[in-house]
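**Q** next come a sequence and a model predicted from it.
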Amino acid sequence: MKSKRYDEVLRRAPYGRSACFRAARRHVARAAVWLMKLSCILYAGAVQADCTWANGQSTHNYSFNIPAITVPRDAAVGTVIYTPPYQTAIPSSGVYANCSGNTPVVRKVTGGAQTSANPYTFATNVPGIGMRFFDTDGQNFFRYYGAGAMEYGNGGWGFNGMKFGVQVVVTGQTAGGTIDGTLFATMSLGSLTIANLRTTTAAVTASACNATATSTVTLPDIGSAALPTVGSTAGSTPVVITLTGCPQGMTQIQYQLDPPDGAINAAMGTFAVSHDSTAQGIGLSVTDSTQAPVSLGAPHVVSAYSPQTGGTYPINLAIRYYRTGTVTPGTVNGSLIYTMFYQ
């Protein structure tokens, strides 16, 4: 009979925590009172911390068009290579949902691995290319998606002119490919999906010049008299790195020279001969076309490159003998490795 009366009291009691407490205190043993209180609290809280649509609103989908993109092959990580126009949230004003309790607002990204948290960046299917999803006031405020629940609240919710946006960014060196659109972002308010942010597919091309260089440079035969003192040089011979088909739109082109047998003075462009050389007291030196030393192990800007026109650009250098000590006649062999950077 007590169990029956207990059920009847629960059915008649109004929704809320106090009704559950009254029923528990009247009809269950003292030891069970706290269990009943806890279950009522949890049940009431779970129902309250959620949202319902207002003013006929529902989930809205936003699609951002990404055109074909050309990316400098060695662009710095974090470089923003394309930002489509922002899209104003729907509705731009007014209340779109009503929430009770501390309802979480969750902004997440699905379909790719996170590559950075400052700001949140996620990998696309194209190596070296990522995306950032965000909402913004269109000026100085940007809130990037990926942190999950970033705020809580209740009451009426509205966008107040908020805009959604996407950035395509460099996450590493890329060889190009096609962004397949599987990376997307979602904004949810409790159990309501407020917005889905997606992009179109897009071709990505890694831009670079065609680089060729004189493979073998033959220096003239000289006598020891041509190098009278340590530090003297002789036998300067031109060598050219030729860049063709350089695309427009890159920020800059750089080249770097590295001696596999080691530098003597990297800042002055002097380096050691290879181990199969028989001459002693001799090194080599690299200069530009004006005979100014070209430092080793450091990038140099190809200043002639024009982002507006692209085209063909020669890098004119020269190699010469450099005396390092007492000279013993013999053969002199050496090598330099050149590396191109496109940004």
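**A** Yes, it's here.

**Q** show me this structure divided up by domain.
**A** 50-206, 208-342 (the TED database).

**Q** ends of the first one, how far apart?
**A** Its start and end residues considered, domain 50-206 measures 47 Å (C-alpha to C-alpha, to the nearest Å).

**Q** repeat that for the last one.
**A** Domain 208-342 stretches 6 Å from its first residue to its last (C-alpha to C-alpha).

**Q** and if you look at stretch 91-98?
**A** When the termini of stretch 91-98 are compared using C-alpha to C-alpha, they are 14 Å apart.

**Q** can you give me the buried ones in it?
**A** Y96, A97, N98 (16 or more other C-beta atoms under 10 Å). Every C-beta, even on glycine, is put in place using the N, C-alpha and C of the backbone.

**Q** repeat that for stretch 293-313.
**A** By neighbour count with 16+ other C-beta under 10 Å, stretch 293-313 contains the buried residues P293, V294, S295, L296, P299, V302, Y305, G310, Y313.

**Q** distance between stretch 190-198 and the chain's centre?
**A** Relative to its chain's centre, stretch 190-198 lies at 25 Å (C-alpha atoms, centre = their mean, to the nearest Å).

**Q** Y145 against Y120, yeah?
**A** Yes - contact criterion C-beta atoms under 8 Å: Y145 and Y120 qualify, at 6.2 Å.

**Q** compare neighbour counts for those two and give me the winner.
**A** Each of Y145 and Y120 has its neighbours counted (other C-beta atoms under 10 Å); Y145 has more, 26 against 22.

**Q** for the chain, give me the ranges with low pLDDT.
**A** Applying pLDDT under 70 to the chain flags residues 1-48.

**Q** can you map out the helices along it?
**A** For the chain, the helices defined by DSSP state H occupy 2-12, 17-27, 30-48.

**Q** buried deepest among the domains of the chain, which one?
**A** domain 50-206 (a mean of 17; mean count of other C-beta atoms under 10 Å).

**Q** list the contacts of Q114.
**A** Y120, T121, F122, A123, G146 (C-beta atoms under 8 Å, 6 or more residues apart in numbering).

**Q** if you set the cut-off to 10 Å instead, what comes out?
**A** Y120, T121, F122, A123, G130, G146 (C-beta atoms under 10 Å, 6 or more residues apart in numbering).

**Q** so what does the longest strand along the chain touch, helix or strand wise?
**A** The longest strand of the chain (DSSP state E) is strand 311-328. Packing partners of strand 311-328 (3 or more C-beta pairs under 10 Å, 6 or more residues apart in numbering; DSSP states H and E): strand 210-213, strand 233-246, strand 253-258, strand 263-265, strand 270-271, strand 280-288, strand 337-342.
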